[in-house]
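Undergrad: what's the 3D shape of this:
(chains A and B)
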Amino acid sequence: MTSKVLIVAEHDGAKLNPATAKCVTCARGISGAEITVVVCAADAGAVAAQAAQLTGVSKVITVENPVNAHQLSATLAPQIVALAGAFTHVLGPSTTFGKDLMPRVAALLDTAQVSDIMAVESPTRFRRPIYAGNAILTVEVEGGSKVVGTVRAASFEAAAAGGSAPIEKATVNAELPSYTRFVSVSTAKSDRPDLQTASRVISGGRALGSADAFKILYSLADKIGAAVGASRAAVDAGYAPNELQVGQTGKIIAPELYVAIGISGAIQHLTGIKDARTIVAINKDSEAPIFEVADYGLVGDLFQIVPELEKLIG
Amino acid sequence: MKRILVGIKRVVDYNVRIRVKPDGSGVITDGVKMSINPFDEIALEEALRIKERGGAEEVVVATVGPADCQQQLRSALAMGADRALHVQADGVIEPLVAARVLLKLVEKEQPMLAILGKQAIDDDNSQTGQMLAALWNRPQATFASKVELSEGKARVTREVDAGLETLEVDLPAVITTDLRLNEPRYVKLPDIMKAKKKPLETLTLSALGVEQKQRLKQVKFEPPPQRQKGIRVRDAAELVEALRKKGLV
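TA: Numbering: from 1, shown residues only, chains lettered A, B, ... in the order given. This is a model prediction of the structure:
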C-alpha cells in the first residue's frame, strides 16, 4: 500500500525552516511513502527551491497568495484542507508554527491528531511522549481515517539536500477568513547558531542571578560556536528572553553537546534535553537532579568555573 | 452579557512522579494527587482579571470528564469563576471530542472569549483550543503571554519560536495561555466555602449531541529509556580534557 504524505513547509518567506527537513525524514519512515511538500507563501519561489532539494521529496506544491505573507493558522488551515483530499497523511513540524496550525487542520478534516511523533512503527502506528516525556505512548490511528500529525524535530535527523523534485503551482478554492491579523514579531537579533538546530548549546539557570551574569555564558558559547539556552526559571526571572527557553513548554532540542550551567534540572527542563548526545552539568548543589542525567558532572561555583573553561578552551 | 468561557482539565498534579503501570495499560493514577492543569489555571486567572478590570461580566468554567472533575470545578469556583459546567463522560476523551463539547457550550453561552491552557500536562497534546477555533470558525491566538482587549477585538502577544508575535483578532475568539501570561492567585478558605454555593450544572454528552469517538487506540504505555549515569569530574581542566577526547570542544 502506498502512503501519500503531505508535509506543510515552515518558512519565513525566504528560508525553509530546518524542522521541515526533519518531517521529511519522519515521512520516509512510513513504508512506501510518496512525499509532497506544500509551500504556502506570498512568493514561494525561494522556499520551494529549497524544499525540492530535500532527499525523498517527490513533489513540491506552491500556493501563492498575498495573505500568505504572514503564516496565520486561520488562513493557512483551509488551504491545507483543500489540498489534503488526495493524501493519506498530513504532517507538520512540532514547532510553535505546526502546533498552532495542525490541530486546526485536523479539526476541519474531522480527524484526530497525533502530536509530537517521535517514531513511526507503521503507516498508522506511532510513538509519542506524554507526561513531559515520562511515558511513551504508542497510538494506532483507527478507522482508515487520514493521519494528521506533528513531528518532534529532536527525534529525527534532517533529510539531506541533493534531490531535485519538480515544483508545481496549485490554486486552492477556499474561503479565507480575515478575522485574524498579523501585527508584529520581535526577535532578538543574534549571530549565534539557532538554538533548535545548534550542535552545541550552553544553557543557564536561575543560579546565574541576573541578565548581566548571562554574559559569561554568551562569551563561552561564542568561543565554541554554541547557541545559548535558558531554563524556565531563568526566563521567568527575566535573565533571558522567552525564545531561549528549553523544556516541556519551551524548545525540545537534541544537540551533540548540552552544557547546563546553574540549572537544577526540573523534570520539565529535562524533557527538553533528553535527546542531547552528551550532557554536562555544572552546579554548586551536588544533589541537583540535573546530575542524574549528566554524562559529566562538575560540582562548584559557576562564576569560577565558566571563566576557567573559557580560558582552557581558548 | 459579556462572558468568558474557560476550559479546564483535571490532570495528575505536576509535582507527581509519573510511573507507568507494569502491564503497559496506562500510568498509575490511583491515590495520586489531581489538580487543575496548570495552564488552565492561568487561563482562568486571565479571565478573572479581565472581569475585575470591567472587561467582562461573567466567567464560566467548563470541563468534560468523570464525576471526580467536580473537585477541580469547585477549585475554579473558589478561585473566582461565577458558575461551572460539568459535562459528564468516562473513559478517554480525545481533544477533538473535547473541542466538540466546547463548541456546543460556546453556542449555548455565546462568550466573547474562550480561554484554555495551551496544553494539558498529561497527554501534552496541545490541540483542543485550536480545534475549538476551527470548528467554531473563529480566530485563535495560541501560547499567549499578553492579552489586551478593546472594543470587539483582542491584541494578543504570543510566545513563538522566533520570539514574540503579536496578532489582532476579532471577537469572539479562542485564546490559549502560556506560562508567563500571569501568576494564578491562591485560594483563600472563605472562598472555598463560598464556592460550595455557586452553581455547578451537570450535562451529558448525549444531551449535547456529541459522540465520544475514540480515533486513536492507545496501544501501549512504556517508561522512557533511561540515560546512563555519568561521571563526576573534579575541575574545569578535567572536564575540558574529557570533552576534547570526544571531540566536543
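Undergrad: with adjacent residues omitted, what lies nearest to residue 139?
TA: Picking chain A for this. Among residues not flanking A:Val139 along the chain, B:Leu216 sits closest, at 4.5 Å (C-beta to C-beta, 6 or more residues apart in numbering or on different chains). (C-beta placed from N, C-alpha, C; glycine too.)
Undergrad: hmm, I had chain B in mind actually
TA: The nearest residue in space to B:Pro139 (C-beta to C-beta, 6+ apart) is B:Val169, at 3.7 Å.
Undergrad: average pLDDT across the longest strand along chain B?
TA: Counting residues, the longest strand found in chain B (DSSP state E) is strand B:140-150. Strand B:140-150 carries an average pLDDT of 98.
Undergrad: following element in sequence after it, please.
TA: Downstream of strand B:140-150, the first helix or strand assigned by DSSP states H and E is strand B:153-160.
Undergrad: thinking again about what came up before, surely the residue nearest to A:Val139 and A:Thr111 touch.
TA: No: counting by C-beta atoms under 8 Å, B:Leu216 stays clear of A:Thr111, with 9.9 Å between them.
Undergrad: the more surrounded of those two?
TA: With neighbours defined as other C-beta atoms under 10 Å in any protein chain shown, B:Leu216 and A:Thr111 compare such that B:Leu216 has more, 24 against 20.
Undergrad: burial measure for A:Arg28, as a count.
TA: 18.
Undergrad: can you tell me how far the nearest residue to it once chain neighbours are set aside is from B:Glu241?
TA: Excluding the flanking residues, the one nearest A:Arg28 by C-beta to C-beta, 6+ apart is A:Gly56, at 4.7 Å. Using C-beta to C-beta, to the nearest Å, we find A:Gly56 at a distance of 40 Å from B:Glu241.
Undergrad: of the two, who's got more company?
TA: A:Gly56 (19 against 13).
Undergrad: report pLDDT for the residue nearest to A:Val139.
TA: You'll see B:Leu216 listed with a pLDDT of 97.
Undergrad: repeat for A:Glu157
TA: For A:Glu157, the pLDDT comes out at 95.
Undergrad: around chain B, pick out the residues from the stretch 201-314 of chain A.
TA: Residues of the stretch 201-314 of chain A that fall close to chain B, judged by C-beta under 8 Å from any C-beta of the partner chain: A:224, A:232, A:235-236, A:241-243, A:248-249, A:251, A:256-257, A:268, A:274, A:278-280, A:291-300, A:305, A:308-309, A:312-313.
Undergrad: repeat that for 6 Å
TA: For the stretch 201-314 of chain A, the residues found near chain B under the criterion C-beta under 6 Å from any C-beta of the partner chain are A:224, A:242-243, A:249, A:257, A:293-298, A:305, A:308-309, A:312-313.
Undergrad: lowest-confidence entry in the residues you listed?
TA: On pLDDT alone, A:Thr249 ranks lowest of these, at 86.
Undergrad: and that residue, how many neighbours?
TA: 24.
Undergrad: just the helices in the stretch 1-150 of chain A please.
TA: A:18-28, A:45-52, A:73-84, A:96-108 (DSSP state H, counting those that start in this stretch).
Undergrad: any chance of a markdown table for the ones you listed, columns distance to B:Gly117 and mean pLDDT?
TA: Converted to a markdown table, the helices of the stretch 1-150 of chain A look like this (distance: least, C-beta to C-beta, whole Å; pLDDT from 0 to 100):
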| stretch | distance to B:Gly117 | mean pLDDT |
| --- | --- | --- |
| helix A:18-28 | 24 | 97 |
| helix A:45-52 | 33 | 98 |
| helix A:73-84 | 18 | 98 |
| helix A:96-108 | 13 | 98 |
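Undergrad: adding distance to A:Ile263 as columns, could you present the ones you listed in TSV?
TA: Converted to TSV, the helices of the stretch 1-150 of chain A look like this (distance: least, C-beta to C-beta, whole Å):
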stretch	distance to A:Ile263
helix A:18-28	24
helix A:45-52	35
helix A:73-84	33
helix A:96-108	22
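Undergrad: let me know which of those helices is tucked in deepest.
TA: Mean neighbour count (mean count of other C-beta atoms under 10 Å in any protein chain shown) peaks for helix A:96-108 among these, with a mean of 27.
Undergrad: work out the gap between stretch A:99-111 and the centre of the chain.
TA: Here stretch A:99-111 is found 18 Å from its chain centre; the criterion is C-alpha atoms, centre = their mean, to the nearest Å.
Undergrad: show me what it is in contact with.
TA: The contact list for stretch A:99-111, computed with C-beta atoms under 6 Å, 6 or more residues apart in numbering or on different chains, reads A:73, A:76-77, A:80-81, A:92, A:113, A:145-146, A:148, A:150, B:126-127, B:130-131, B:134-135, B:142.
Undergrad: now stretch A:267-277
TA: A:132-133, A:154, A:231, A:246-248, A:252, A:254-256, A:258, A:293.
Undergrad: let's see if you can find the most crowded of those residues.
TA: Among the contacts of stretch A:267-277, the one with the most neighbours (other C-beta under 10 Å) is A:Ser231, at 32 neighbours.
Undergrad: now the nearest residue to that residue once chain neighbours are set aside: how far from chain B?
TA: Closest residue in space to A:Ser231, ignoring its immediate chain neighbours: A:Gly205 at 4.2 Å, by C-beta to C-beta, 6+ apart. Distance, A:Gly205 to chain B, using C-beta to the nearest C-beta, to the nearest Å: 16 Å.
Undergrad: A:Gly205 is in contact with A:Arg232, isn't it?
TA: No: counting by C-beta atoms under 6 Å, A:Gly205 sits too far from A:Arg232 to count as a contact (9.0 Å).
Undergrad: so where's the chain uncertain?
TA: Using chain A. Low-confidence segments of chain A, defined by pLDDT under 70: A:1.
Undergrad: quick one, what contacts the residue most central in space within it?
TA: For chain A, A:Thr95 is the residue whose C-alpha lies nearest the centre (C-alpha atoms, centre = their mean; 4.2 Å). A:Thr95 is in contact with A:19, B:161, counting by C-beta under 6 Å, 6+ apart.
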